[in-house]
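Undergrad: Provided below for reference: sequence and predicted model.
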Amino acid sequence: GTPTAGTLSTSAASPRRDGESPVVVDARGVARSFDGRGVLHDITLQIRRGEFVALLGRSGSGKSTLLRILAQLDTEHDGDLRVPERRAVAFQDSRLLPWARVLPNVLLGLKDARSRARGEALLAEVGLADHARAWPKTLSGGEQQRVALARALARDPELLLMDEPFGALDALTRIRMHRLLRGLVARHSPGVLLVTHDVDEAVLLADRVIVLTDGHLSLDEPIDLPEVGRRSHPGFTALRSRLL
Ligand code: ADP
Ligand code: MG
């Protein structure tokens, strides 16, 4: 459909990786400066529903600034931006409310009667069905991030934005989270923008990699590697070495 002001027309049942999937990020000439210093320059970017895009870049290149703009946590930018109302954000810190148990954290702000069942189903999907009544502080870092993913998906987002969500986790937990995230994204099919500084993570998970260099989009490239055995594919090494 045609995007309307402030929101995007989308249908619930959209096929994955289809050129006709609705556009869930439509940024044209987005720019941001702080105190007169340009941090993002002329960012033009479209992401469709069902697409998994990884955003790479050195520390300070503007990744979090762009993510905050796409989340509309920062509206002080130039240029045009359209994102759907139904979007969810996850950060490195799970940001669970410490005074609420796990399931209420997942359901936070949701009102309709079906939400509870959806929240419970999502907790089961992330392997935490037995922890619905646990307090966040009793969970490991990885478990807290799984709750944060369940919370994000409980909103049935058309767009899922993540800023280094696994950055604080140990390597083994991160690998388990990769597997979990791939499954969740395949089943729920939001458009995904994952900010990471881990090239392997980007190449492993994404359908497309974009790179920010000093606030400019310096690369935007699809990844056409098989999902199974991707790590051992020669293209993996080739793409990885091009990015580094
Ligand atoms: P990244 O996430 O890629 O590490 P950021 O988007 O956090 O980079 O930051 C990009 C640049 O913008 C940095 O130089 C940072 O200092 C600056 N910056 C980010 N947020 C602010 C802010 N609120 N005020 C001033 N400068 C900021
Ligand atoms: Mg950052």
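TA: Done, it's in. Ligands and ions are numbered 1, 2, ... in the order given.
Undergrad: Helix or strand next in line after the longest helix along the chain, which one?
TA: Across the chain, the longest stretch assigned as helix under DSSP state H is helix 171-188. For helix 171-188, the following helix or strand on the C-terminal side (DSSP states H and E) is strand 191-195.
Undergrad: Tell me which stretches of this protein form strands.
TA: 23-34, 37-48, 52-56, 78-82, 87-91, 159-163, 191-195, 208-213, 216-222 (DSSP state E).
Undergrad: Near ligand 1, which residues of the protein? Just list them.
TA: The chain comes close to ligand 1 at residues 34, 39, 57, 59-65, as judged by CB under 6 Å from any ligand atom. Where you see a C-beta, it was placed from the backbone N, CA and C, and this is true even at glycine.
Undergrad: Which of those residues are buried, as a ChimeraX select command?
TA: To isolate the buried members of those in ChimeraX, using 16 or more other CB atoms under 10 Å:
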select :39,57,61,62,63,64,65
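Undergrad: Tell me which two of the residues of the chain next to ligand 1 sit farthest apart.
TA: Farthest pair in the residues of the chain next to ligand 1 (CB to CB) is Phe34 and Gly57. Separation: 17.0 Å.
Undergrad: Count the neighbours of Glu76 for me.
TA: Per other CB atoms under 10 Å, the neighbour tally for Glu76 reads 8.
Undergrad: okay if I get the strands of the chain as JSON lines plus mean pLDDT?
TA: Conversion of the strands of the chain to JSON lines gives the following (pLDDT from 0 to 100):
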{"stretch": "strand 23-34", "mean pLDDT": "98"}
{"stretch": "strand 37-48", "mean pLDDT": "98"}
{"stretch": "strand 52-56", "mean pLDDT": "97"}
{"stretch": "strand 78-82", "mean pLDDT": "98"}
{"stretch": "strand 87-91", "mean pLDDT": "96"}
{"stretch": "strand 159-163", "mean pLDDT": "98"}
{"stretch": "strand 191-195", "mean pLDDT": "98"}
{"stretch": "strand 208-213", "mean pLDDT": "96"}
{"stretch": "strand 216-222", "mean pLDDT": "94"}
